[in-house]
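> let's see this in three dimensions:
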Amino acid sequence: MIGGIAAKLALRAGRPAGDHLPPEQVARAMTDPRSIVIVKLSAIGDVLHGVPAAVALKRAFPAARIGWAVEGRAADVLAGHPAIDHLFRLPRGWLKSPRAVVELRRQLRSFRPDVAIDMQGLLKSGVATWLSGARMRIGAAKPVSREHAWLAYTHAVRPTATHVVDRNCDLLAPLGVQVARPTFDIAHWPVSRLRVHQWLAALRLPRPPIVLNPGAGWASKLWPAERFAATARGLHRRHGQPVVIVWGGAAERATAERIAADSFGAATVAPDTSLQDLGELCRQAALFISSDTGPLHLAAAVGTPCVGLFGPVPATRNGPYGPGHVCVEPPAALRPKWDDRKHDTASMAGITVEQVLAAADAVLARAQAA
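Residues are numbered from 1 along each chain as shown. Next up is the predicted model:
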């Protein structure tokens, strides 16, 4: 089925792969789209990196309805966002289900988008973009887009920025939208806020906590648990600051409990939290320390100062976006080649506890001064 869809994309596109519109046509603005669909399916951090583009679209076209096609629980970080009028929630593996594909097409066509913007640049996002029926379909030119996703686009853009947030905003150029200062404007979630407030109140913490997140989506992005424990002890010793460890899933919970035990009372394991709970916990935190993963980008998006630990992927590309954050990286010699980034074992080991504590000192001192 997937191969057949790719072939149809090529036929509908009516042009060979990689044949892009002239710059003057790409730059031509559409001034009055009535509805726009963003396609950014996963993962949590990647979805959050697309939010400033949605904010910019709503500001540029306040009368337009903005929809977002997204998979799984990543939709939870978009729920209630003031710039997003409708979420198309897709199950994992939807592209392998003819029924799910037909249903997505029905929902998208009912939304009647004038514009669809593919921020993922893969086959499945290209299919969703094409299924929308939008007369203007925007995505990144190859090689940024892969798996022939570019066949779905009427406007293929060559992003010039380095950070992924800015690269997503580059895709708005065919609409005449320039984003000088990207913002997230993440929604508040009152039920989660109450739940987090009650849990923190029961702890009777003397001040806002520092949150540690030891989990990551790739094994290559994991920082050793013993170093997180040493960091918790160091933060408590230097600042008298309470430390909370967050987790997701049984394996991460076991790691969090081990870190808390090795912190000798400096750290407390958080209860089971939803993504919205985590967002509200971050809003109550003085600092968030994590490797490159969804929770780090959620913390940055809600405005929490962050220390990001970046090994296999450079912080210039994926670091927590916005002012007030500090990223810690290993020596350049330890950074793997791009194709090896998911299998690397050396780069995160090159980040020391003292580096992380020094970064935390800098962020906390800056916040206190402000």
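
> C-alpha from now on. contacts and neighbour counts both.
Fine.

> what sits against Ala256?
Pro214, Ile245, Val246, Trp247, Val269 (Cα atoms under 8 Å, 6 or more residues apart in numbering).

> what about the strands in this protein?
35-39, 65-71, 86-90, 115-118, 136-140, 155-157, 210-213, 243-245, 267-269, 287-291, 306-309, 326-328 (DSSP state E).

> which neighbouring elements make contact with the fourth one?
What that stands for is strand 115-118. Here strand 115-118 touches strand 35-39, helix 123-131, strand 136-140, going by 3 or more Cα pairs under 8 Å, 6 or more residues apart in numbering; DSSP states H and E.

> got TSV for the ones you listed, with mean pLDDT, mean neighbour count and distance to Val363 too?
Shown next, in TSV, are the helices and strands packed on strand 115-118 (pLDDT from 0 to 100; neighbours: other Cα atoms under 10 Å; distance: least, Cα to Cα, whole Å):
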stretch	mean pLDDT	mean neighbour count	distance to Val363
strand 35-39	98	26	34
helix 123-131	98	25	37
strand 136-140	98	26	35
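
> so which of the ones you listed gets nearest Arg181?
Arg181 lies closest, by Cα to Cα, to one member of the helices and strands packed on strand 115-118: strand 35-39, at 19.6 Å.

> give me the sheet partners of that closest one and which way each runs.
strand 65-71 (parallel), strand 115-118 (parallel) (DSSP bridges).

> what is the mean pLDDT for the longest one?
Mean pLDDT, computed over strand 65-71, is 98.

> ok, and what's touching it?
By Cα under 8 Å, 6+ apart, strand 65-71 touches 34-42, 54, 58, 83-92, 128.

> apart from its neighbours in sequence, what residue is nearest the most centrally placed residue in the chain?
For the chain, the residue nearest the mean C-alpha position is Gly45 (2.0 Å; Cα atoms, centre = their mean). In space, and not counting its chain neighbours, Gly45 is closest to Gly294: 4.0 Å by Cα to Cα, 6 or more residues apart in numbering.

> so what's the one you found up against?
Ala43, Ile44, Gly45, Asp46, Ala216.

> and these, which two are the farthest apart?
Most distant of the contacts of Gly294, by Cα to Cα, are Asp46 and Ala216, 13.5 Å apart.

> ok so, going back, among the helices and strands packed on strand 115-118, which is nearest Ala232?
Ala232 sits nearest to strand 35-39 of all the helices and strands packed on strand 115-118, at 38.8 Å, using Cα to Cα.

> so what touches that closest one?
54, 64-70, 111-120, 125, 128-129, 132.

> then it to CSV, C-alphas only?
Taking C-alpha atoms only, strand 35-39 is exported to CSV below (Å, rounded to 0.1, in the frame of the first residue of the first chain):
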residue,chain,number,x,y,z
SER,A,35,-7.8,27.0,7.0
ILE,A,36,-4.3,25.6,7.4
VAL,A,37,-3.2,22.1,8.4
ILE,A,38,0.2,21.4,10.0
VAL,A,39,1.6,17.9,9.7
